[in-house]
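[1] How does the following fold in three dimensions:
(one chain, ligands or ions: 4)
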Amino acid sequence: AKELGKGSIKLYKQGMTDSRRKSLQLESALRDALANDEIQVYWQPQINLQSGEFVGAEVLARWESKTLGWVAPDVFIPIAENAGLMSQLTRIVFAKTCNALISMPSAIRERLKVAVNLSALDISQPGLLDDMLAELHKHALSPSRFELELTESALLDMDTQQLASFKDAGFCLALDDFGTGYSSLAYLNTLPFDVLKIDKSFIAQIPREQSSCSLTHSIIQMGRELGCEIVAEGVETVEQVVFLTKEQCHKVQGYLYTKPLPIDEFVDYCESYQSP
Ligand code: C2E
Ligand code: CA
Ligand code: CA
Ligand code: CA
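    Ligands and ions are numbered 1, 2, ... in the order given. As a prediction, the model looks like this:
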């Protein structure tokens, strides 16, 4: 490293500055996006493996920035968290979800359990639960129609009491990306989860890789014994569906069915859906 000399250090610093500048630029664009209604929600159907019918959907935030083009949630969610914008974003996503729900044909709406992603910061956000309940009340929607998805990282230093208050209010709770964290099992013992979502990194290796098949098998067995509903995400092939059906996984979602869709296309998808 000694030989790198002054020029390299300058370059290195320049690099740091660039990424810092980039993230400030994103942060300011995101502020504008929240104010200017640039955030949309897309819908990805979930299929019940036993009946073959669609029974739910996960809503995923989408951002097409006027200045930056499409920005992926993996990029803008952390920016929102670091910039103190997360609770605003969550409120927007939830309100848009409710609006889309009441605007869709009731025959479809009534079949849907709707999964919404929450950030770690949301659970401890004072007032969020009350605001969500008020939003539901406005549209005469019941919290039991919703599954709130949390990742393990969200649970690391979470106030269990606060999480339980969402459950007590009638929301279902889903543990997302299950199996990727350090202590997935411990959470199941102490927290009131209704749904386990097997991480797509395991599903991607089925049926090719024995260890992913074994892990998926065990997660389903254990989840079922604990009375949880099991959802597999990232399902892309028929072989995966065959495996997951044999293992008695409850629900699946993934590109095999469709990528997440804007609400109009989602409704079209549901209307023309034929169970296999
Ligand atoms: P996630 O909650 O684990 O969501 C699943 C991701 O897998 C989504 O990526 C989805 O589009 C993608 N996916 C669906 N089917 C397939 C498939 O068959 N194959 C593959 N390879 N991927 C598939 P997306 O929409 O880019 O979201 C990324 C992450 O951003 C989400 O991961 C979630 O953690 C976060 N996120 C998205 N929307 C929100 C939101 O409204 N609030 C919060 N807090 N986080 C969100
Ligand atoms: Ca999710
Ligand atoms: Ca996930
Ligand atoms: Ca994820």
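
[2] alpha carbons only for contacts and neighbour counts from here, please
    Fine.

[3] Confirm residue 149 sits in a helix?
    No: counting by DSSP: H, G, I helix; E, B strand; the rest coil, residue 149 is not part of a helix but strand.

[4] Surely it is in contact with residue 115?
    Yes: here residue 149 reaches residue 115: they are 6.5 Å apart, a contact under CA atoms under 8 Å.

[5] Okay, and the residue in the stretch 51-200 of the chain that ligand 3 sits nearest to sits in which element?
    Per CA to the ion, residue 177 is where the stretch 51-200 of the chain lies closest to ligand 3, at 4.2 Å. Per DSSP states H and E, residue 177 falls inside strand 172-178.

[6] So for the spatially most central residue of the chain, what pLDDT did the model give?
    The residue lying closest to the centre of the chain (CA atoms, centre = their mean) is residue 117, at 4.0 Å. pLDDT, residue 117: 97.

[7] and the closest residue to it other than its chain neighbours, what does it touch?
    In space, and not counting its chain neighbours, residue 117 is closest to residue 149: 4.6 Å by CA to CA, 6 or more residues apart in numbering. Each residue near residue 149 by CA atoms under 8 Å, 6 or more residues apart in numbering is listed here: 115, 116, 117, 118, 173, 174, 175, 176.

[8] Just among these, which is most surrounded?
    When neighbours are counted by other CA atoms under 10 Å, residue 175 leads those with 28 neighbours.

[9] how far away is that one from residue 226?
    Using CA to CA, to the nearest Å, residue 175 is found at 13 Å from residue 226.

[10] can you give me the helices for the stretch 151-276 of the chain?
    For the stretch 151-276 of the chain, the helices defined by DSSP state H, counting those that start in this stretch cover 152-155, 160-168, 184-190, 200-203, 210-225, 238-246, 263-272.

[11] any residues touching the third one, and which ones?
    Which is helix 184-190. 152, 178.

[12] Apply 10 Å and report the result again.
    Helix 184-190 is contacted from outside by 151-153, 155-156, 160, 175, 177-179, 193-194, 196, 219, 222-223, 226, 228, using CA atoms under 10 Å, 6 or more residues apart in numbering.
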